[in-house]
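Peer 1: this one's sequence-less:
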C-alpha cells in the first residue's frame, strides 16, 4: 500500500464522513479492488476504519476519529516534519504524503512545518561507495506487518544452517543499514536478520501480536541482550587520561572510567566477548596501557607479544 494513498484515504474519510471503495478508487485513480484492499489494510493495521453495509454504506472512521493533525501543538508539528521531511527527499511516495500532511495542518502552522520539512536532507550515497538499496525483502515483510499476516520464513543462522518456520511479524528495525525482523514464533519472541532470510511467503492466516507490544521497547531488549553478549569479559587497565577518549571510541559503551588516579592517568574498565578480543584491541597500544586484571587478558597479551617478537624480532646471525 502506497503511503500517499493511505494518507489521502484517511483525509477523505474525515472530510466526507463516509466513503465507498468506488469513490476512493475514483479519487485516487486506482481500481476498486485496490481501493478496497487499502481500506482493509488500514483496518487490519489497527486504524479505526470500519465498513458499514447497506444501501448507504461505505467506510468511515469510528467515532469521528480525526487525522487532520489539528490536535498537534506548534512544537509537535515542527518535530513531526523534521522527522518526515528527510524521508520525502528519497521517496516520491513520501513526498506526496508529506504534501497531504502539510495541507492537513492548521493554517498558522503550515509555513514553519514546510520549513522544518526542508531543513534536513538525506544523501544516501556514501563517499566512494555505491548507493545502498533497501533490501526488497523489507517491503514484503513491512506489508505483512501492516496487514497482520503470518509469514513462512526460510532462514539461515550464523553457521549457515537453514530452518523453515511460520512467524508472526511484529516489526522491522533498520540498524546501521542492517535490517532486523522482530517476530513471534512458537517458542516466543525472536529476532531475525533480514539478510539471512532466504525465502519469505506471506499467508492468509492472521498474525497474532500481543496487545502490549511496543517495537521500541522490544528493540531495547534485543540491544541489551546483544550488548551483554558482547561484554562477557571485562578488563581493568591504567592509561594516560588524555588517551581515554580514543579508547572509548574503540570500545564504545563498553568502556567505563573508574577513577582519576591523580597523576595524569585514569583507571578504566573495557569489555568484549572474550579475553582474546580485548587483547587484540589493546595489543596495538603497547606499553601505553597496563592491564591489571584479569589474568586471562594479560596472558593473551603476553602470547600476542611472543608471536610478534618471533615474527618481527631481530634476525639471528
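Peer 2: Cool, the structure landed. For clarity, every value in this text was computed on a predicted model and none was experimentally measured.
Peer 1: distance of residue 279 from residue 17?
Peer 2: 69 Å (CB to CB, to the nearest Å). C-betas here are computed from N, CA, C, even on glycine.
Peer 1: so between the two, which is more surrounded?
Peer 2: residue 279 (23 against 10; other CB atoms under 10 Å).
Peer 1: give me the element the more buried one is part of.
Peer 2: helix 275-283 (DSSP states H and E).
Peer 1: now residue 139
Peer 2: Here residue 139 is assigned to helix 136-147, by DSSP H and E.
Peer 1: run the chain-centre distance for that helix.
Peer 2: 14 Å (CA atoms, centre = their mean, to the nearest Å).
Peer 1: what are the pairing partners of the helix or strand following it, and which direction each?
Peer 2: Sequence order places strand 149-156 as the next helix or strand after helix 136-147, per DSSP H and E. Using DSSP bridges, strand 149-156 pairs in its sheet with strand 162-175 (antiparallel), strand 197-206 (antiparallel).
Peer 1: single out the most deeply packed of those.
Peer 2: strand 162-175 (a mean of 17; mean count of other CB atoms under 10 Å).
Peer 1: what's the angle from it to helix 136-147?
Peer 2: Strand 162-175 runs at 80 degrees relative to helix 136-147, counting by axes from the mean of the first three to the mean of the last three CA atoms, to 10 degrees.
Peer 1: other SSEs contacting the helix holding residue 139?
Peer 2: Contacts defined by 3 or more CB pairs under 8 Å, 6 or more residues apart in numbering; DSSP states H and E place helix 136-147 against helix 32-44, strand 149-156, strand 162-175, strand 178-185, strand 197-206.
Peer 1: doesn't residue 241 make contact with residue 264?
Peer 2: Yes. Assessed by CB atoms under 8 Å, residue 264 is found in contact with residue 241 at 5.9 Å.
Peer 1: who has more neighbours, the two?
Peer 2: More neighbours surround residue 241 than the other of residue 264 and residue 241, with 15 against 9 (other CB under 10 Å).
Peer 1: distance of residue 182 from residue 201?
Peer 2: Counting by CB to CB, the gap from residue 182 to residue 201 is 19 Å.
Peer 1: repeat for residue 293
Peer 2: 52 Å.
Peer 1: same check, this time on residue 283
Peer 2: Residue 283 is 48 Å from residue 201, by CB to CB.
Peer 1: repeat that for residue 303.
Peer 2: From residue 303 to residue 201 the distance is 50 Å (CB to CB).
Peer 1: equivalent analysis for residue 270, please.
Peer 2: 45 Å.
Peer 1: what of residue 209?
Peer 2: 19 Å.
Peer 1: could you do residue 135 as well?
Peer 2: In terms of CB to CB, residue 135 sits 16 Å off from residue 201.
Peer 1: same check on residue 148?
Peer 2: Residue 148 is 16 Å from residue 201, by CB to CB.
Peer 1: for residue 220, same thing?
Peer 2: Counting by CB to CB - residue 220 and residue 201 are separated by 30 Å.
Peer 1: low-confidence ranges in the stretch 51-200 of the chain?
Peer 2: 53-56, 62-110, 113-114, 116-134 (pLDDT under 70).
Peer 1: so what's residue 23 up against?
Peer 2: 12, 16, 58 (CB atoms under 8 Å, 6 or more residues apart in numbering).
Peer 1: quick check: chain neighbours aside, which residue is closest to the spatially most central residue of the chain?
Peer 2: In the chain, the C-alpha nearest the mean C-alpha coordinate belongs to residue 173, at 2.6 Å (CA atoms, centre = their mean). Sequence neighbours aside, residue 180 is the residue nearest to residue 173 in space, at 4.7 Å (criterion: CB to CB, 6 or more residues apart in numbering).
Peer 1: surely the one you found meets residue 193?
Peer 2: Yes. Residue 180 is within contact range of residue 193, at 5.9 Å (criterion: CB under 8 Å).
Peer 1: need the residues touching each of the two.
Peer 2: The contact lists of residue 180 and residue 193 share no entry, where a contact means CB under 8 Å, 6+ apart.
Peer 1: quick check: mean pLDDT of the longest helix along the chain?
Peer 2: Criterion DSSP state H: the longest helix present in the chain is helix 295-312. Across helix 295-312, pLDDT averages out at 93.
Peer 1: residues in contact with it?
Peer 2: Under CB under 8 Å, 6+ apart, the answer for helix 295-312 is 233, 235, 275-276, 278-280, 282-283, 291.
Peer 1: buried ones from those, can you make that a PyMOL selection?
Peer 2: Buried subset of these, written as a PyMOL selection, criterion 16 or more other CB atoms under 10 Å:
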select buried, resi 233+235+275+276+278+279+282+283+291
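Peer 1: as CSV, the contacts of helix 295-312 with pLDDT would be great.
Peer 2: Compiled in CSV, the contacts of helix 295-312 are given as follows (pLDDT from 0 to 100):
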residue, pLDDT
233, 90
235, 95
275, 94
276, 94
278, 94
279, 95
280, 93
282, 94
283, 93
291, 96
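Peer 1: right, I'll leave it there.
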